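S.K.: sequence below, structure please.
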Amino acid sequence: MTISSKMRLALKGGSMVRKMFEEGRELKAKFGENNVFDYSLGNPDLEPPEAFKTKIIELINENEKGTHGYMPNGGLDLVRRRLAGYLSKIHGESIGPEMVIMTVGAAGAINVALKAVVDPGDEVLVLAPFFMEYGFYADNHGAKIVVAGTDDHFRPDLEKISEAITEKTRALIVNSPNNPTGVVYTLEELRGIADVLREKSKKYSRELLLISDEPYRKIVFGGLEVPSVFNAYENSLVVTSFSKDLSLAGERIGYLCINPMIKGLNEFIGAATLANRILGFVNAPALAQRVVAELLEESVDIGIYQERVTTLARALRDIGYDLVDPQGTFYLFPKSPVEDDLAFIETLKKELILAVPGSGFSKPGYFRLSLCLDLDKINRSIDGFKRAYHASLAQ
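M.R.: Next comes the predicted model:
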């Protein structure tokens, strides 16, 4: 069968995260799972809260008819009402249920948002380092990813953002708390970005959309609060999922929330709802919607992730690695001890440590560690990190 040239190119590039994940399966089969330290995939290893199991059993045992059938494309009315009330408190805005669209994860929400606003040839701006799938999502709708750099601490660089915006720019995706760095943007930083977007919107006579990708909003450390993008910029959306904070990555449930102050609110609601249908999602999974509606205040034990991050960050710094302390997520993004991050990943692999090169996030010279493995394994991997560090410097 002849496949499309676009897919042939995509297969060749692929995802470095998935590549490392597959290599990890081979190493585990050869050396034993307990002897391989897999920091590749951001696949939460914590079980969902007990309340999830209780609620899903309760829902399955209900005798109410029609609960597994088709529904409005935007999602179940009851679920959207509950989320709207919850989100109104989080964002300090009056959010109606029609402004919430239930989606197949955050990935589905981003694709819905882009389908609603971009035309072929448009540009979608992202800040490096960024989640590599954004490029595929933009390409799904005929748009092109444009990358703007951040500063040395992975904070937004307003000058670089401004320089990257052109007459073809349609949207900017920000991800805070950030994958892969763990950085959380401040309200001041978001307002700075908003000022740039307003200036460029006026210059090009085209409203620029700010999409805030927030699946790690609850996974923050030290009592930090994640500011609302709605308080910074009117033409904004929040896209998110329950994959990380409830460990429901495989259930594929998330939502898109529209800022009530966005220009052309009703038209955007209509476009996004239609996009949810015609992209083939039709609607988000019914059972998952009903479960998460009961768990809006729940999360896994964030303290477990914080202990893992703190433990490994301290150990890596003692060895000599240079890294920015994450404010959230379950990732570390250290600097490679050698310029060639791909070569260093191979050195780590000799120690049965699987990591993802920063090149995969458009940030060469770094590497990402996903701390979705228990503290015992993390501690047992530290000697391997030490040997890899000194072996690389000796080459």
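S.K.: remind me what the helix or strand residue 367 falls within packs against, helices and strands.
M.R.: Following DSSP states H and E, one finds residue 367 within strand 367-370. With contacts defined as 3 or more Cβ pairs under 8 Å, 6 or more residues apart in numbering; DSSP states H and E, strand 367-370 has these neighbours: strand 331-332, helix 341-350, strand 356-357. Quick note: C-beta positions are derived from backbone N, CA and C, even for glycine.
S.K.: again, 6 Å this time
M.R.: strand 331-332 (3 or more Cβ pairs under 6 Å, 6 or more residues apart in numbering; DSSP states H and E).
S.K.: which neighbours does the strand it packs on have in its sheet, and in what orientation?
M.R.: strand 367-370 (antiparallel) (DSSP bridges).
S.K.: who's in contact with the following helix or strand past the strand it pairs with?
M.R.: Downstream of strand 367-370, the next assigned helix or strand under DSSP H and E is helix 375-394. Here helix 375-394 makes contact (Cβ atoms under 6 Å, 6 or more residues apart in numbering) with 37, 308, 312, 315, 319-320, 337-338, 344, 347-348, 351, 353.
S.K.: check the offset of the strand holding residue 367 from the chain's centre.
M.R.: Averaged C-alpha coordinates place strand 367-370 at 14 Å from its chain's average position (Cα atoms, centre = their mean, to the nearest Å).
S.K.: ditto for stretch 304-321
M.R.: 22 Å.
S.K.: now do the buried residues in that stretch.
M.R.: 305-306, 308-309, 312-313, 315-316, 319, 321 (16 or more other Cβ atoms under 10 Å).
S.K.: can I assume residue 211 sits in a strand?
M.R.: Yes: Residue 211: assigned to a strand according to DSSP: H, G, I helix; E, B strand; the rest coil.
S.K.: i'd like the first residue to be 56 from this point on
M.R.: Will do, 56 is the new start, and the previous item becomes residue 266.
S.K.: do you know how far the closest residue to it other than its chain neighbours is from residue 175?
M.R.: Nearest non-adjacent residue to residue 266, counting by Cβ to Cβ, 6 or more residues apart in numbering: residue 228, 4.7 Å away. According to Cβ to Cβ, to the nearest Å, residue 228 and residue 175 sit 18 Å apart.
S.K.: between these two, point out the one with more neighbours.
M.R.: Counted by other Cβ atoms under 10 Å, residue 228 and residue 175 do not tie: residue 228 has more neighbours, with 24 against 8.
S.K.: so the more buried one, which state does it fall into?
M.R.: For residue 228, the secondary structure call by three-state DSSP comes out as strand.
S.K.: coming back round to it: how near is the residue nearest to residue 266 to residue 202?
M.R.: For residue 228, the distance to residue 202 - Cβ to Cβ - is 11 Å.
S.K.: for these two, list the residues in contact with both.
M.R.: residue 181.
S.K.: please enumerate the strands of this structure.
M.R.: For the chain, applying DSSP state E gives strands covering 92-93, 155-158, 178-182, 199-203, 224-230, 264-268, 291-296, 309-313, 386-387, 408-409, 411-412, 422-425.
S.K.: residue 258: which of those strands is closest?
M.R.: Among those, the nearest to residue 258 by Cβ to Cβ is strand 224-230 (10.6 Å).
S.K.: now that closest one - C-alpha only, CSV.
M.R.: Only the C-alpha atoms of strand 224-230 are listed here, as CSV (Å, rounded to 0.1, in the frame of the first residue of the first chain):
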residue,chain,number,x,y,z
THR,A,224,0.5,34.1,12.7
ARG,A,225,-2.8,32.9,14.0
ALA,A,226,-2.2,31.6,17.4
LEU,A,227,0.4,31.2,20.2
ILE,A,228,0.5,28.0,22.3
VAL,A,229,1.9,28.3,25.8
ASN,A,230,2.4,25.4,28.2
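S.K.: got the angle for it vs strand 264-268?
M.R.: Here strand 224-230 points in a direction 20 degrees away from that of strand 264-268 (axes from the mean of the first three to the mean of the last three Cα atoms, to 10 degrees).
S.K.: which other helices and strands contact strand 224-230?
M.R.: Using 3+ Cβ pairs under 6 Å, 6+ apart, strand 224-230 sits against strand 178-182, strand 264-268.
S.K.: export these as TSV, with columns for mean neighbour count and distance to residue 216.
M.R.: Below are the helices and strands packed on strand 224-230 laid out as TSV (neighbours: other Cβ atoms under 10 Å; distance: least, Cβ to Cβ, whole Å):
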stretch	mean neighbour count	distance to residue 216
strand 178-182	24	7
strand 264-268	25	11
